[in-house]
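Enquirer: just the structure for this:
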Amino acid sequence: MCSCGGRKKVAHLTKRNLERTLAPNINILPDRLKNVYLNILTPVVKFFVAHQINPNLFTTIGFVVNIGSAYFFGIGSLTVAGILVLLSGTFDNIDGRVARATNRVTKFGALYDSTLDRYAEVIMFFGLAYYFVSHDYLWRSVAVSIALGGSLMVSYVRARAEGLGFECKVGIMQRPERIVLIGFGSIIHEHVLMGVVIAIAILANFTAAQRLYHVWSTENDKKNELLGA
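Expert: Have a look, this model is predicted:
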């Protein structure tokens, strides 16, 4: 028979192996690059803050711009679509910073932002899928569908986890990473874009699994703390 200490050791080793697999220390967008981007936007944010512009306006503009990106994806103007994807992501960043700076952070604003973000991703991926289907690239459109499903699951797991009281912002393929990769991939070349779509199809679903593991691990840690108290 295994001793209690032996079982604990096995459980600890199993958890460590899971952590190595589901929680790798990988940043697709380095913090230094993020800080440079945020510093560039700071004067723009200060201008909007000074004029007390409602942050929901930027959420709406970003959504409309994203619809434009889907249209240009659909007609095959990938470079224009990529630029619009990046512009839409910029508006998405500005709305949150303006809301915090003007003390206009509201529950409705958060819900409105999250809702339009999900619709924006669906519409953008639909534009991509339409382009690939219209050119008879069946397997590419399948990859887009899987990427969309993974992207939505990343957001769903976080929303569900936070509804249950858990902080859940972990993962290597979150929304900023998806926007940057799709935007620049579209600008560079169609083959690069396709590589990005495949990467998102794999890593977005992996990120959803990371978040599930994070919640499971956090809950178990809390249980162990209570038992050890």
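Enquirer: biggest helix in the protein by residues?
Expert: In the chain, assigned by DSSP state H, the helix with the most residues is helix 190-228.
Enquirer: off-centre distance for that helix?
Expert: Offset of helix 190-228 from its chain centre (C-alpha atoms, centre = their mean, to the nearest Å): 12 Å.
Enquirer: what does stretch 134-142 give?
Expert: Here the centre of stretch 134-142 is set off from its chain's centre by 24 Å, with C-alpha atoms, centre = their mean.
Enquirer: tell me which residues in it are buried?
Expert: By neighbour count on 16 or more other C-beta atoms under 10 Å, the buried set for stretch 134-142 is 137, 140, 141. Quick note: C-beta positions are derived from backbone N, CA and C, even for glycine.
Enquirer: Serialize the residues you listed to a markdown table and add fields for pLDDT, secondary structure and distance to residue 40.
Expert: Converted to a markdown table, the buried residues of stretch 134-142 look like this (pLDDT from 0 to 100; DSSP: H, G, I helix; E, B strand; the rest coil; distance: C-beta to C-beta, whole Å):
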| residue | pLDDT | secondary structure | distance to residue 40 |
| --- | --- | --- | --- |
| 137 | 86 | coil | 36 |
| 140 | 91 | helix | 33 |
| 141 | 90 | helix | 35 |
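Enquirer: which one of those is nearest residue 156?
Expert: Each of these was scored against residue 156 by C-beta to C-beta, and residue 141 proved nearest at 22.4 Å.
Enquirer: surely that closest one touches residue 135?
Expert: No. At 9.3 Å, residue 141 and residue 135 do not qualify as touching, with contact defined as C-beta atoms under 8 Å.
Enquirer: who's in contact with the residue nearest in space to the middle of the chain?
Expert: Closest to where the C-alpha atoms of the chain average out (C-alpha atoms, centre = their mean) is residue 175, at 1.8 Å. Residues near residue 175 by C-beta atoms under 8 Å, 6 or more residues apart in numbering: 117, 121, 151, 154, 155.
Enquirer: by neighbours, which of those residues wins?
Expert: Counting neighbours by other C-beta atoms under 10 Å, residue 154 comes out on top of those with 27 neighbours.
Enquirer: in which helix or strand does that one reside?
Expert: helix 138-163 (DSSP states H and E).
Enquirer: which SS state does residue 168 fall under?
Expert: Secondary structure, DSSP: H, G, I helix; E, B strand; the rest coil: residue 168 is coil.
Enquirer: which one is it nearest to, not counting chain neighbours?
Expert: Among residues not flanking residue 168 along the chain, residue 161 sits closest, at 3.8 Å (C-beta to C-beta, 6 or more residues apart in numbering).
Enquirer: so that neighbour sits against residue 211, correct?
Expert: Yes. With contacts counted by C-beta under 8 Å, residue 161 reaches residue 211, the gap being 6.5 Å.
Enquirer: quick one, which of the two is more surrounded?
Expert: More crowded of residue 161 and residue 211, by other C-beta under 10 Å: residue 211, with 25 against 20.
Enquirer: correct me, but the more buried one touches residue 172?
Expert: No. In this structure, residue 211 is not within contact of residue 172 by C-beta under 8 Å, at 10.8 Å.
Enquirer: least confident secondary structure element in the protein?
Expert: Least confident element among the helices and strands of the chain, by mean pLDDT, DSSP states H and E: helix 4-22 (a mean of 51).
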